[in-house]
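Trainee: sequence plus the predicted model coming up.
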Amino acid sequence: MKSFSQDIPLTLEDLIPGGKTNYKYRAEMPRQISWHGDKLTYIKGDSIMIAPLSEKEKPQVFLSLNDINKGLSIDKEELPKSLSMVQFVSDETNELLVMTTQNFFFYDFVEKSVKAKFRNIEKMENHDWSEKSRMLAYTKGNNLFVQNSDGKEFAVTTETDTGIVSGQSVHRNEFGIKKGTFWSPSGNLLAFYRMDETMVTNYPLVDVSVRIAKLKDVKYPMAGMKSHQVTIGVYNPATQATVFLKTGTPKEKYLTNVSWGPDEKSIYVAEVNRGQDTCVVKSYDAVTGRLLATLFTETHSKYVEPENPVQFLKNDPTKFIWQSERDGFNHLYLYDTTGKLLKQITTGKWDVTSVLGFDQKGENLFYISTEVSPIEKHVYKLNFKNGRTDRLSKEDGVHYAALSTSGKYICDRYYSQSNPGKVAITETKTNKTFIYHTAKNPYRNVQLPEITLGKLKADDGTTDLYYRLVKPLNFDASKKYPVVVYVYGGPHSQLVDNSWLGQARGWDIYMAEKGYIVFTLDNRGTSNRGIDFENITHRQLGVVETQDQMTGVNYLKSLAYVDVERIGVHGWSYGGFMTLNLMLRHPETFKVGVAGGPVTDWKYYEIMYGERYMDSPQDNAEGYKGSSMVERAGDLKGRLLLIHGDEDHTVVMQHSLQFLHSAIKKGTHPDFFVYPGQEHNMVGRDRVHLHEHITRYFDDFLK
């Protein structure tokens with residue numbers, strides 16, 4: 001029998017992000033690992049290291065913090081104190097971005113000279129660098145600015161109405177949108193989003209940290225109500241002039257997946273109608289803003305959701321790759337710039353999850369997919385000429401990869417249920433792999449509970465549903481244990497896969513130490529299983545998901561060691577919504593529930609997400625009523641705790657308050673807890689307190 005040097009159980013301080021000792025139980029992986037040309041670099045102490053590419057090599061020092069500081073001709077007080085303030089400008093240049101409290105520098109570490117200097121101005125956010133033209137775009141408040149390499153600032157927009165926002169992410173970060181500025185390939189032009197929210201109703205949040213509570217209005221367009229209007233501007237730093245793309249009417253639509261043509265003359269946009277059942281890919285003239293071509297249109301009876309811009313071939317600017325779920329799974333399609341479909345590149349009942357890039361000649365494409373299993377991700381090379389694919393990842397698990405500049409190597413970071421992390425380097429031509437780093441098990445001196453993965457059949461008799469079961473520490477099959485079902489269940493999620501500990505969270509381990517079984521299942525409606533698996537929930541959120549979760553619960557009830565009288569459920573956000581669904585649709589089963597930041601009625605949720613999955617309340621009144629937990633507040637039988645941050649602008653606190661209001665009218669008695677000053681997710685020390693509070697609730701009413 002294995003002995004463990006630590007007899008004291010792990011605490012929430014050990015297991016929860018924000019905990020004082022949480023750092024002890026993170027697997028040690030190389031810091032800031034990235035390619036610089038064909039050199040794989042990482043940070044170790046005060047040095048940028050070069051990783052060995054084979055067993056014959058050893059790690060080497062590439063640059064030290066001392067080397068960098070010696071070459072920088074700046075005040076001693078301003079020199080970076082650690083390499084966390086330093087990063088490569090790109091993988092192809094000899095320049096570093098050095099960030100200080102007063103300035104940002106482009107520093108050439110070969111010539112040992114500063115190539116550009118930008119002022120670090122108070123309240124500047126959303127930094128976007130162009131290494132080619134050595135310019136910096138950023139926002140201050142609701143306006144967009146640019147600095148040249150001498151630190152001179154130019155205002156791109158000068159809006160006085162705070163309801164008009166430029167240079168920031170739009171459409172509430174849906175459609176894969178993560179930023180609001182897009183430098184052209186040579187950095188000569190800057191495309192940016194301009195969002196007019198003046199027509200959107202203000203939504204009141206309240207800051208209670210000051211003596212007289214302060215109103216903090218946000219723009220929150222709810223499903224079925226007036227939406228914002230977005231346009232795309234193109235700013236020319238040389239002339240300081242801006243041209244807007246002539247995207248036309250209707251103005252209430254979604255301009256997604258902005259990308260530049262390789263020649264900087266055209267901009268490609270995937271335009272989605274407000275109903276979100278049609279996507280039209282168009283190209284626009286970057287100089288005049290006029291429409292050049294409508295390339296192709298995709299439609300679906302439920303919804304379309306483009307999340308990846310067109311990606312041009314390495315050495316052929318007349319062809320690009322488009323990602324689409326049109327055949328039921330996310331695959332790659334080759335088009336030319338006239339909009340002609342040349343061929344489907346990948347096919348099969350599995351999803352491509354990311355495209356890594358091309359090799360030097362553009363002959364081979366590298367991507368990651370779920371071809372092996374829905375709960376694994378693997379790396380592939382595809383030859384454009386003959387269509388042959390080769391799997392480059394060797395071991396089971398979930399793989400994340402980055403391609404070197406030339407395409408000669410893949411850096412493969414991967415994890416599995418028993419592997420806390422490895423870094424491998426693979427030669428893409430020979431497919432030879434060298435495992436450069438193997439992380440130690442951070443729990444090697446601690447006894448962990450047993451964690452198993454499995455699958456069940458959904459009630460349709462054919463669909464596999466994957467689950468994770470965490471057994472209590474020192475499990476005894478002759479005993480009866482309480483169960484907590486931890487649930488999310490919404491789109492763009494996958495809580496069960498073959499990654500480290502099967503994605504079991506610190507709180508799962510903590511609850512297992514305290515004698516609970518913790519069970520998690522990915523129901524239909526979640527990701528990486530194809531479009532039909534996801535969109536079966538359309539217009540009726542909570543219904544199919546609850547059926548699948550009950551399939552998991554019925555499996556639990558079949559286990560002799562499960563106490564069927566002590567089953568609880570907990571989830572956050574969509575998981576809070578699912579907690580309410582399970583508690584209220586099946587009150588005979590669930591004794592205790594904790595719903596964090598829950599959606600209680602989709603008519604209070606925002607347009608982009610809400611209307612994609614539910615359509616509008618006007619068009620789907622029956623569906624909205626059927627998925628409303630406010631309507632069901634009177635069905636509560638067990639103990640239920642709702643938790644909310646009072647400044648939540650993702651799921652506004654009105655959701656919980658409306659549920660409480662309904663419960664009062666219908667004579668039920670949920671409990672309620674508020675985190676002042678917190679938004680949708682608790683952070684810092686509040687996160688540790690949150691998990692202690694949740695645990696106490698289960699201890700008080702379930703254990």
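Mentor: Good, I have the coordinates.
Trainee: how about whichever strand or helix holds L690 as CSV, C-alpha atoms only?
Mentor: Assessed by DSSP states H and E, L690 sits inside helix 685-701. Output in CSV follows, covering the C-alpha atoms of helix 685-701 (Å, rounded to 0.1, in the frame of the first residue of the first chain):
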residue,chain,number,x,y,z
ARG,A,685,-10.6,35.7,-1.3
ASP,A,686,-14.3,35.9,-2.0
ARG,A,687,-13.9,32.7,-4.0
VAL,A,688,-12.6,30.8,-1.1
HIS,A,689,-15.4,32.1,1.1
LEU,A,690,-17.9,31.2,-1.6
HIS,A,691,-16.9,27.5,-1.6
GLU,A,692,-16.9,27.4,2.2
HIS,A,693,-20.4,28.8,2.2
ILE,A,694,-21.6,26.3,-0.4
THR,A,695,-20.0,23.5,1.5
ARG,A,696,-21.6,24.6,4.8
TYR,A,697,-25.0,24.5,3.1
PHE,A,698,-24.6,20.9,2.0
ASP,A,699,-23.2,19.9,5.4
ASP,A,700,-26.2,21.5,7.1
PHE,A,701,-28.9,20.1,5.0
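Trainee: so which elements touch it?
Mentor: helix 12-15, helix 506-513, strand 562-572, strand 592-596, strand 639-645, strand 671-675 (3 or more Cβ pairs under 8 Å, 6 or more residues apart in numbering; DSSP states H and E). All C-beta spots, glycine's among them, are computed from the backbone N, C-alpha and C.
Trainee: between these, which one is nearest to A401?
Mentor: helix 506-513 (26.7 Å; Cβ to Cβ).
Trainee: so which residues make contact with the helix or strand following the closest one?
Mentor: Later in the chain than helix 506-513, the nearest helix or strand by DSSP H and E is strand 517-521. With contact meaning Cβ atoms under 8 Å, 6 or more residues apart in numbering, strand 517-521 is reached by 456, 465-472, 481-487, 495-496, 503-504, 508, 511-512, 548-549, 551-552, 556, 561-562.
Trainee: out of the helices and strands packed on helix 685-701, nearest to Y138?
Mentor: Y138 lies closest, by Cβ to Cβ, to one member of the helices and strands packed on helix 685-701: strand 639-645, at 28.1 Å.
Trainee: next, the angle helix 685-701 makes with the closest one.
Mentor: 170 degrees (axes from the mean of the first three to the mean of the last three Cα atoms, to 10 degrees).
Trainee: so how far is the helix or strand following strand 639-645 from its chain's centroid?
Mentor: Next helix or strand after strand 639-645 toward the C-terminus (DSSP H and E): helix 654-666. How far helix 654-666 lies from its chain's middle: 31 Å, per Cα atoms, centre = their mean, to the nearest Å.
Trainee: then helix 654-666 to PDB, C-alphas only?
Mentor: Provided in PDB are the C-alpha atoms of helix 654-666 (Å, rounded to 0.1, in the frame of the first residue of the first chain):
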ATOM      1  CA  GLN A 654     -32.900  40.700 -11.200                       C
ATOM      2  CA  HIS A 655     -33.000  36.900 -12.100                       C
ATOM      3  CA  SER A 656     -32.600  35.900  -8.500                       C
ATOM      4  CA  LEU A 657     -34.800  38.700  -7.200                       C
ATOM      5  CA  GLN A 658     -37.700  37.800  -9.500                       C
ATOM      6  CA  PHE A 659     -37.400  34.100  -8.400                       C
ATOM      7  CA  LEU A 660     -37.500  35.200  -4.800                       C
ATOM      8  CA  HIS A 661     -40.500  37.400  -5.500                       C
ATOM      9  CA  SER A 662     -42.300  34.500  -7.100                       C
ATOM     10  CA  ALA A 663     -41.400  32.200  -4.200                       C
ATOM     11  CA  ILE A 664     -42.900  34.600  -1.700                       C
ATOM     12  CA  LYS A 665     -46.100  34.800  -3.600                       C
ATOM     13  CA  LYS A 666     -46.300  31.000  -3.900                       C
END
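Trainee: that helix packs against which elements?
Mentor: Other helices and strands packing on helix 654-666, by 3+ Cβ pairs under 8 Å, 6+ apart, are strand 639-645.
Trainee: hmm, back to that, chain center to the helix holding L690: distance?
Mentor: On Cα atoms, centre = their mean, the centre of helix 685-701 falls 26 Å from that of its chain.
Trainee: list the buried residues in that helix.
Mentor: Neighbour counts over helix 685-701 (16 or more other Cβ atoms under 10 Å) mark 686-688, 690-691, 693-695, 697-698, 701 as buried.
Trainee: can you check what angle separates that helix from helix 506-513?
Mentor: 30 degrees.
Trainee: coming back round to it: which of the helices and strands packed on helix 685-701 sits closest to Y333?
Mentor: That would be strand 562-572 among those, by Cβ to Cβ, at 36.2 Å.
Trainee: for the residue minimising distance to the centre of the chain, what are its contacts?
Mentor: By Cα atoms, centre = their mean, the chain has its centre lying nearest to H492, at 8.2 Å. Shown in contact with H492 (Cβ under 8 Å, 6+ apart): 526-527.
Trainee: how much space separates it from K408?
Mentor: 33 Å (Cβ to Cβ, to the nearest Å).
Trainee: before we move on, back to that, point out the most buried one among the helices and strands packed on helix 685-701.
Mentor: strand 592-596 (a mean of 29; mean count of other Cβ atoms under 10 Å).
Trainee: pLDDT score assigned to the residue nearest to the centre of the chain?
Mentor: H492 carries a pLDDT value of 97.
Trainee: nearest to I435 among the buried residues of helix 685-701?
Mentor: R687 (34.0 Å).
Trainee: my read: that closest one touches L15, true?
Mentor: No. Counting by Cβ atoms under 8 Å, L15 is not a contact partner of R687; they are 11.0 Å apart.
Trainee: buried sites along stretch 620-628?
Mentor: 620, 623-624, 627-628.
Trainee: in helices, which of the residues you listed appear?
Mentor: 623-624 (DSSP state H).
Trainee: just flag the most distant two among the buried residues of stretch 620-628.
Mentor: The widest separation within the buried residues of stretch 620-628 (Cβ to Cβ) is 11.8 Å, between N620 and S628.
Trainee: hey, where'd the strands end up in the stretch 251-400 of the chain?
Mentor: 253-260, 266-273, 278-285, 291-299, 311-313, 316-324, 331-336, 341-344, 352-358, 364-369, 378-383, 389-391, 398-403 (DSSP state E, counting those that start in this stretch).
Trainee: one step back: need the buried residues of helix 685-701 in a markdown table with pLDDT and distance to K253, can you?
Mentor: Shown next, in a markdown table, are the buried residues of helix 685-701 (pLDDT from 0 to 100; distance: Cβ to Cβ, whole Å):
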| residue | pLDDT | distance to K253 |
| --- | --- | --- |
| D686 | 95 | 38 |
| R687 | 96 | 38 |
| V688 | 96 | 43 |
| L690 | 97 | 38 |
| H691 | 97 | 41 |
| H693 | 98 | 43 |
| I694 | 98 | 41 |
| T695 | 98 | 46 |
| Y697 | 98 | 44 |
| F698 | 98 | 46 |
| F701 | 98 | 48 |
